[in-house]
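Enquirer: let me see the structure of the following:
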Amino acid sequence: MYSISVVIPVLDEKESLPELVTQVKAALEALTETYEIIFIDDGSTDGSSELMTERAQNDEHIHLVQFFRNYGKAAALAEGFRQATGDVVITMDADLQDDPAEFKGLIKKLDEGYDLVSGWKKVRHDPLSKRIPSKIANLVTRLITGVNVHDMNCGLKAYRKAVIKSLEIYGGRHRYIPALAGQQKFRITEMVVNHRPRQFGKTKYGGSRFFHGFFDLLTILFLSKYTQQPLHLFGMIGFLSLVLGLAIDIYVIILKYFFGASFQKHMAALLSGVLLIVVGVQFISLGLLGELIAKSSHEKENMVRRVI
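Expert: As a prediction, the model looks like this:
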């Protein structure tokens, strides 16, 4: 029998919380005697904080972490992961759209040998303006990362403890947790889950999250592929720029000395070639500096391991 931790970020969900607590406790008590519900109050101002404080004081299974202001979902999940003690950690949203009845199925999937099970809201009760951008974002993420998950940002997920203790979640990286886990070679799968219409309040996420999510995805890809070998990225860009610049200038020189063309007539091309050469040298230099930093960081890690 597993011990289970349920991590729930909360931002202004006072109306949803009483029913949420009832449903989550009922689902957990049907699975295990050892469980905890960790609410992360991400700067609520609607009375959610007071309600959660009261529940935490009167129920030993409920814990509350309060942020002094709104830090975002990534920070809330990261703090919840730090506090979680269960063998299995389940995350969900606080708006009652995630169904706690799915806990049993998620854990059953973990028992099949997976490390992370991500929910898939195949039938989604959200506005079209939210569903269409989400489908596009998930398609692009699947193609770029190679992690075949249809709903990367679904709040309902189940993890083995080893996964949550190894992930670094900050900024907007919570949107790509399956991709981050996949980079570390954890076994990932997905499961179709029940998604319910929102009963109270309104969504806390605007359209800007898709714009920000693109840059978060680029960050994840860069850190996963080039952190240890930055010269592979910057060197490639620098080499292409250098070769192109040399080719342009050689072409201009050939025109001058073999065909009698004047430099003045081709000055723009000549200067463009020089600029590309300079940029190429700078990118290669940047890559070499990155290699020195990566080597220094690696040596420090080795030194710490030897001391320990």
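
Enquirer: how many other residues sit next to residue 285?
Expert: 13 (other Cβ atoms under 10 Å). For glycine as for every other residue, the C-beta is placed from the backbone atoms N, C-alpha and C.

Enquirer: and what of residue 116?
Expert: Neighbours around residue 116, by other Cβ under 10 Å: 26.

Enquirer: residue 158 is in contact with that one, correct?
Expert: Yes - with contacts counted by Cβ atoms under 8 Å, residue 116 reaches residue 158, the gap being 7.3 Å.

Enquirer: what are the buried residues along stretch 69-83?
Expert: Going by neighbour count (16 or more other Cβ atoms under 10 Å), the buried part of stretch 69-83 is 70, 71, 72, 73, 74, 75, 76, 77, 78, 79, 80, 81.

Enquirer: hmm, who's touching that stretch?
Expert: 5, 7-11, 38, 40, 42-43, 63, 65, 67, 89, 91, 164-165, 167-174 (Cβ atoms under 8 Å, 6 or more residues apart in numbering).

Enquirer: again, but for stretch 186-201
Expert: 12-13, 15-16, 95-99, 101-102, 105-106, 109, 112-125, 147, 149-151, 154, 156, 162-163, 178, 181-182.

Enquirer: buried members of those into PyMOL, please.
Expert: Per 16+ other Cβ under 10 Å, the buried members of the contacts of stretch 186-201 correspond to this PyMOL selection:
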select buried, resi 12+13+15+16+95+96+97+98+99+102+105+106+109+114+115+116+117+118+119+120+121+124+147+149+150+151+154+156+163+178+181+182
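
Enquirer: go through the contacts of stretch 186-201 and flag which are in strands.
Expert: Among these, the ones falling in strands (DSSP state E) are 116, 117, 118, 119, 120.

Enquirer: contact partners for the last one?
Expert: The neighbourhood of residue 120, defined by Cβ under 8 Å, 6+ apart, consists of 149, 150, 151, 154, 190, 191, 192, 193.

Enquirer: contacting residues for the fourth one?
Expert: The neighbours of residue 154, taking Cβ under 8 Å, 6+ apart as the test, are 118, 119, 120, 121, 193.
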